[in-house]
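Engineer: I'll drop the sequence and a predicted model, then ask my questions.
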Amino acid sequence: MLCDAVAVFPEPVEEALPGWAARHRDWTAGAAPGNAAPAGWVLHVHCFLLTDGGRAALVDTGVGPAGAPGADWLGTTGRLPALLAEAGVRPAEIDTVVLTHVHLDHAGWNVAPHPAPGSDADGNADAGGDAGAGGPLFPRAEYVVQRAELDHVAGTGTYARLVAPVRAAGQLRVVDGETTMPGGYRLLPTPGHTPGHQSVLTDGAVLAGDVLVHPAQARWPELPYRYETRPGTAADSRRRVLRYAAEHGVPLAPAHLRDPFDVAADLTPTAHRPVALPATTRCPLRRLSR
């Protein structure tokens, strides 16, 4: 688990989560203090590195470098390349990039920033430079997205900036429905947040993207998020991944919660417990100087 960035969500929680009430606030403060903030909630942006000794896959690519739209939206900057370097993995060693969905805070490092004059251009995205799209940051990887998601973002600025360069390089793989990937992990459509949202099922965890964006949605799956394309479908997807994690005895790891959590076998929300995934990288609160 690699924490690309962390910041306070840039709008009041009661606006982002319609129906938010005191019971949600009080429960979050006790059960998930790492995501609680006085004026809203703390949003962690996690990417996940999967390895089997021969192949390496990355699930989501975070907010991106300084100046990228996702980084600007959260008022912070991503650090994924540095975290991969700390793990001993070069961008060229990533075989697969799975995008749970194509939002700015999940696809920000899809492409390499243009290097600043005089900087190291050899994949060193921390060296600075124009955050405008270059070629794919992961030059050997296939980037995997659901067809419904690609249809959803086609023609948008997000597509032009973060997907079109990947497609132009011949590195985009479009799947349609549940898919088993090399290495044995599976892609499971979990729509609602976006039409083509997918989760990643591994032996060690369910990597759930934005099926849950706030810890309270584990306690109240019906609690909607303002930016879900289909709130009812999103609630069904939350229940589905919670049930899967409980039945298979694996943690649920959404992208924006500080900690993954074990799901109680009987789905009793008060019995869910935070856990640490192997090689967890803690999330320092970092902001760009203004």
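Structural biologist: Received, thanks.
Engineer: ranges for the helices of this protein?
Structural biologist: 13-16, 22-31, 69-74, 80-86, 147-153, 157-158, 164-168, 216-219, 231-248 (DSSP state H).
Engineer: Quick check: which of those is nearest to Q198?
Structural biologist: helix 147-153 (7.5 Å; Cβ to Cβ). Using the backbone N, CA and C atoms, a C-beta is placed for each residue, glycine as well.
Engineer: quick one: the nearest residue to D176 once chain neighbours are set aside from L80, how far?
Structural biologist: Of all residues not flanking D176 in the chain, R147 sits nearest, at 4.5 Å (Cβ to Cβ, 6 or more residues apart in numbering). Separation of R147 from L80 (Cβ to Cβ, to the nearest Å): 26 Å.
Engineer: what does P221 give?
Structural biologist: To L80, P221 is 30 Å away according to Cβ to Cβ.
Engineer: Could you do L58 as well?
Structural biologist: Computed as Cβ to Cβ, the L58 to L80 distance reads 8 Å.
Engineer: try A21
Structural biologist: In terms of Cβ to Cβ, A21 sits 35 Å off from L80.
Engineer: The two - which one has more neighbours?
Structural biologist: Taking neighbours as other Cβ atoms under 10 Å, A21 and L80 compare with L80 leading, 27 against 12.
Engineer: who's in contact with that one?
Structural biologist: By Cβ atoms under 8 Å, 6 or more residues apart in numbering, the contact list for L80 reads L2, D4, C47, T61, G62, W109, A125.
Engineer: How about V211?
Structural biologist: Counted by Cβ under 8 Å, 6+ apart, V211 has contacts T190, G192, H193, H197, S199, A234, S237, R238, V241, P254.
Engineer: in these, which two residues are the furthest apart from each other?
Structural biologist: Largest separation among these by Cβ to Cβ: G192 and P254, giving 13.3 Å.
Engineer: which one of the two has more residues nearby?
Structural biologist: Comparing G192 with P254 by other Cβ under 10 Å, the one with more neighbours is P254, at 26 against 23.
Engineer: contacting residues for that one?
Structural biologist: So P254 contacts A208, G209, D210, V211, L212, V213, P260 (Cβ under 8 Å, 6+ apart).
Engineer: just the residues you listed now: which is nearest V163?
Structural biologist: Set against V163, the nearest of the contacts of P254 by Cβ to Cβ is G209 (16.4 Å).
Engineer: contacting residues for the spatially closest residue to that closest one that is not a sequence neighbour?
Structural biologist: The spatial neighbour of G209 that comes closest, neighbours along the chain excluded (Cβ to Cβ, 6+ apart), is T100 at 2.9 Å. Going by Cβ under 8 Å, 6+ apart, T100 touches V59, D60, H106, H197, Q198, S199, V200, L207, A208, G209, D210, A255.
Engineer: What average pLDDT does the lengthiest strand in the chain get?
Structural biologist: Assignment by DSSP state E gives strand 40-51 as the longest strand of the chain. The average pLDDT for strand 40-51 rounds to 91.
Engineer: how much distance is there from that strand to the middle of the chain?
Structural biologist: Distance of strand 40-51 from its chain centroid, counting by Cα atoms, centre = their mean, to the nearest Å, is 6 Å.
Engineer: Quick one: list the elements packing against that strand.
Structural biologist: strand 2-8, helix 13-16, strand 56-59, helix 80-86 (3 or more Cβ pairs under 8 Å, 6 or more residues apart in numbering; DSSP states H and E).
Engineer: mind checking how far the second one is from the chain centre?
Structural biologist: Distance of helix 13-16 from its chain centroid, counting by Cα atoms, centre = their mean, is 20 Å.
Engineer: ok, now the last one?
Structural biologist: The gap between the average C-alpha position of helix 80-86 and the chain average comes to 16 Å, counting by Cα atoms, centre = their mean.
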